[in-house]
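Asks: with the input below, show me the fold.
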Amino acid sequence: MSDGKLKIGWAQADITPQEPVAVAGQFHARVSEGILDPITATVLVLENGETQAILISCDLVAIGDELWQAVADRCDGPDPSAIVMNATHTHTAPEIRPSSSMSGTTAEPFGVALPVMRTEDYIEFAADRIGAAVNEAWASRAEGSVAFGLGQAVVGRNRRWVDVNGNSTMYGNTNTPEFSHIEGYEDHSLNILATYDTGGDLTGVIVNVPCTSQETEGLFEISADFWHETRVELRKRLGEGLFVLPQPSAAGDQSPHLLYGKREHERMLQLKGRTSRQEIAHRIADAVEATLPYIKDTRDASPLMARETVEMRLPLRPLSEEDAKSADAEAAKWREEYQAELAKLEANPQARNEPKWHEPRWYVPVTKAYRRMNWYRRVRERYEEQQKEAPFRDVRLHIIRIGDIAIATNPFEYYLDFGIYIKARTPAMQTFLVQLAGPGTYVPSARSIAGGGYGSVPASNPIGPDGGRQVAEATINALLRMW
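Replies: Model prediction:
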């Protein structure tokens with residue numbers, strides 16, 4: 001531990017691709033058709049002579065090991081082990097994860113050839129720019145101070161509902177007599193860490209929200225989703241030079257989408273003259289702006305700093321023979337669909353040469369079938385794996401102390417039940433949980449497993465509730481050691 005003078009450095013990189021890429025975040029492939037707004041990587045360096053923390057937030061769906069390593073290889077000054085990268089989980093950014101058992105179905109191959117930038121090439125492109133930003137932030141670090149506070153903003157909503165028979169569904173129509181209740185809790189807290197220069201002027205903010213950035217997740221354009229509007233709004237209010245580093249807190253079962261109350265919500269948007277993304281931006285900016293005046297006089301230029309990396313081996317979610325057989329049946333169904341779509345393309349090869357990708361997007365049905373097939377196929381592979389040995393996956397957690405606050409990461413789409421457990425038991429004054437500091441995918445709660453549905457069925461998650469609980473306990477134990 002060290003309690004020396006704090007030095008702070010900020011930088012931002014534009015990681016928007018300038019050629020067509022595979023857009024991550026849906027079962028079907030999407031070839032990018034343009035740029036709605038830029039995607040960025042924001043870097044914050046905190047260092048006090050003995051302890052370093054290099055925080056990087058990227059407008060991406062997740063952070064693959066390959067990208068993290070490529071960025072670390074490009075850093076000249078800071079300790080690579082101090083680099084912590086998280087994604088905002090926008091569903092309108094390039095895929096950066098070569099296919100793996102931890103990265104989810106959208107990292108699967110396409111099943112057909114598509115004219116897109118190779119994932120490996122985009123990783124190199126993004127890593128060049130992110131690495132340069134890290135070096136810039138490191139070189140520009142100067143004495144400053146930090147302050148922290150808590151606001152409230154309604155952004156994330158639980159996206160799973162339960163019917164009268166106990167079956168859970170992600171999204172879908174709740175206007176039915178079969179509707180019973182929303183499955184789980186919602187968290188509208190908003191954690192804020194603000195940085196200041198020696199003159200007391202605000203230089204940047206970490207904004208930690210229990211929600212992923214997927215309000216307009218189905219687009220075929222590159223976009224940072226609501227974080228673009230949020231940066232614009234915060235800079236309009238607090239200064240054009242303000243750095244904004246977003247962090248998604250535990251939110252595996254949360255999203256910005258409403259399950260009910262949609263008509264009145266749309267009416268209010270029309271009355272305000274805002275898009276749904278602008279409304280979220282205003283809510284976040286209102287909370288940040290309301291909190292900053294109260295915390296400015298608490299800023300600390302010499303906060304106690306500590307950092308620990310926790311390496312874990314998590315057991316895979318146990319699967320039954322019935323799980324495997326059910327997945328086999330679904331995989332076979334989607335295999336037939338895939339073969340049928342391939343046959344259509346062979347009978348109509350000119351479809352592949354359609355100059356306007358959106359008329360039609362010929363590759364959508366075939367890639368959806370291919371990825372669905374593989375999504376279910378992996379259940380059988382995991383079942384066979386557990387027959388031979390006790391299978392596991394290696395994961396890494398980062399625990400950072402900055403004065404009275406903690407930053408605690410995990411690589412998953414981590415259900416909120418686990419996040420609330422950590423927040424309830426933390427010894428820190430305030431804990432910034434950060435999910436998707438790695439490749440994903442879902443880690444569901446025990447109650448969501450009982451209801452089933454996307455996100456909680458075996459195909460959705462290699463790691464089950466037992467692994468999620470182990471992550472929560474390891475996080476608490478590390479925090480207790482640190483405090």
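
Asks: and the helices in the stretch 1-150 of the chain?
Replies: With DSSP state H, counting those that start in this stretch as the criterion, the stretch 1-150 of the chain has helices at 65-73, 119-139.

Asks: among those, which is nearest residue 46?
Replies: helix 119-139 (9.9 Å; CB to CB). Quick note: C-beta positions are derived from backbone N, CA and C, even for glycine.

Asks: tell me how far that closest one is from the chain's mean position?
Replies: Relative to its chain's centre, helix 119-139 lies at 19 Å (CA atoms, centre = their mean, to the nearest Å).

Asks: hmm, residue 445 and residue 465 touching each other?
Replies: Yes - taking CB atoms under 8 Å as the definition, residue 465 is a contact partner of residue 445 at 6.0 Å.

Asks: which of the two has more neighbours?
Replies: residue 445 (26 against 21; other CB atoms under 10 Å).

Asks: what's the local residue count around the nearest residue to that one once chain neighbours are set aside?
Replies: Among residues not flanking residue 445 along the chain, residue 417 sits closest, at 3.9 Å (CB to CB, 6 or more residues apart in numbering). Residues lying near residue 417 (other CB under 10 Å) number 21.

Asks: repeat for residue 133
Replies: 24.

Asks: can you check residue 365 too?
Replies: So residue 365, with other CB under 10 Å, has 17 neighbours.

Asks: state the phi and psi torsions of it.
Replies: phi -60, psi -40 (degrees, to the nearest 10).

Asks: next up, the contacts around it.
Replies: 28, 337, 341 (CB atoms under 8 Å, 6 or more residues apart in numbering).

Asks: with mean pLDDT added, can I get the helices of the stretch 1-150 of the chain in a markdown table?
Replies: Formatted as a markdown table, the helices of the stretch 1-150 of the chain follow (pLDDT from 0 to 100):
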| stretch | mean pLDDT |
| --- | --- |
| helix 65-73 | 96 |
| helix 119-139 | 97 |
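
Asks: of all those, which one is nearest residue 222?
Replies: helix 119-139 (11.3 Å).

Asks: so what does the most centrally placed residue in the chain look like in phi/psi?
Replies: Residue closest to the mean C-alpha point of the chain, counted by CA atoms, centre = their mean, is residue 89 at 3.4 Å. Phi and psi for residue 89, reported as degrees, to the nearest 10, are phi 70, psi 40.

Asks: and the closest residue in space to it that isn't next to it in sequence, helix, strand or coil?
Replies: Nearest non-adjacent residue to residue 89, counting by CB to CB, 6+ apart: residue 212, 3.7 Å away. Secondary structure, DSSP: H, G, I helix; E, B strand; the rest coil: residue 212 is coil.

Asks: report pLDDT for residue 212.
Replies: Looking at residue 212, its pLDDT is 97.

Asks: tell me the spacing between it and residue 36.
Replies: When distance is defined by CB to CB, to the nearest Å, residue 212 is 18 Å away from residue 36.

Asks: more neighbours, these two?
Replies: Shown here are residue 212 and residue 36; by other CB under 10 Å, residue 212 has more neighbours (29 against 17).

Asks: do I have it right that that one meets residue 249?
Replies: No - judged on CB under 8 Å, residue 212 makes no contact with residue 249 at a distance of 9.9 Å.

Asks: can you give me the strands for the stretch 201-350 of the chain?
Replies: 202-209, 243-248, 254-255, 305-315 (DSSP state E, counting those that start in this stretch).

Asks: for residue 432, find the nearest of the ones you listed.
Replies: strand 202-209 (4.5 Å).

Asks: given that closest one, what are its sheet partners and their directions?
Replies: The strands beside strand 202-209 in its sheet (DSSP bridges) come out as strand 189-197 (antiparallel), strand 243-248 (parallel).

Asks: now the shortest one against helix 119-139, angle please.
Replies: When axes from the mean of the first three to the mean of the last three CA atoms, to 10 degrees is applied, the directions of strand 243-248 and helix 119-139 differ by 130 degrees.

Asks: can you give me how far strand 243-248 is from the chain middle?
Replies: That offset, for strand 243-248, works out to 12 Å (CA atoms, centre = their mean).

Asks: what do you get for stretch 33-40?
Replies: On CA atoms, centre = their mean, the centre of stretch 33-40 falls 18 Å from that of its chain.

Asks: which residues are in contact with it?
Replies: 12-16, 20, 58-60, 90, 92-93, 219-224, 228, 357-358.

Asks: what comes up buried for it?
Replies: Using 16 or more other CB atoms under 10 Å as the test for burial, stretch 33-40 gives 33, 36, 37, 39, 40.

Asks: which of those fall within strands?
Replies: residue 40 (DSSP state E).

Asks: quick one: which of the buried residues of stretch 33-40 is nearest residue 259?
Replies: residue 36 (25.8 Å).

Asks: okay, the angle between the strand or helix carrying residue 419 and strand 189-197?
Replies: For residue 419, the host element (DSSP states H and E) is helix 416-425. Counting by the same axes, to 10 degrees, helix 416-425 lies at 60 degrees to strand 189-197.

Asks: for helix 416-425, name the packing helices and strands.
Replies: strand 430-434, helix 465-482 (3 or more CB pairs under 8 Å, 6 or more residues apart in numbering; DSSP states H and E).

Asks: what about 10 Å?
Replies: Applying 3 or more CB pairs under 10 Å, 6 or more residues apart in numbering; DSSP states H and E, one finds that helix 416-425 contacts strand 405-409, strand 430-434, helix 446-451, helix 465-482.

Asks: quick one on the thing from earlier: now for the buried residues of stretch 33-40: which two are most distant?
Replies: Farthest pair in those, by CB to CB: 33 and 40, 20.2 Å.

Asks: was I right to think the residue nearest to residue 445 contacts residue 251?
Replies: No - in this structure residue 417 lies outside contact range of residue 251 using CB atoms under 10 Å: 11.3 Å.

Asks: can you get me a residue count around residue 23?
Replies: Neighbours of residue 23 (other CB under 10 Å): 28.

Asks: how near is it to residue 76?
Replies: 32 Å.

Asks: just the helices in the stretch 251-400 of the chain please.
Replies: 262-272, 276-295, 321-347, 363-388.

Asks: and the ones you listed as CSV, adding distance to residue 48?
Replies: Putting the helices of the stretch 251-400 of the chain into CSV (distance: least, CB to CB, whole Å) gives the following:
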stretch, distance to residue 48
helix 262-272, 44
helix 276-295, 20
helix 321-347, 50
helix 363-388, 44
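
Asks: and these: which comes nearest residue 122?
Replies: That would be helix 363-388 among the helices of the stretch 251-400 of the chain, by CB to CB, at 18.0 Å.

Asks: what's the overlap in contacts for residue 212 and residue 249?
Replies: 156, 435 (CB atoms under 10 Å, 6 or more residues apart in numbering).

Asks: now stretch 252-266, how far from the chain's geometric center?
Replies: On CA atoms, centre = their mean, the centre of stretch 252-266 falls 19 Å from the chain's centre.
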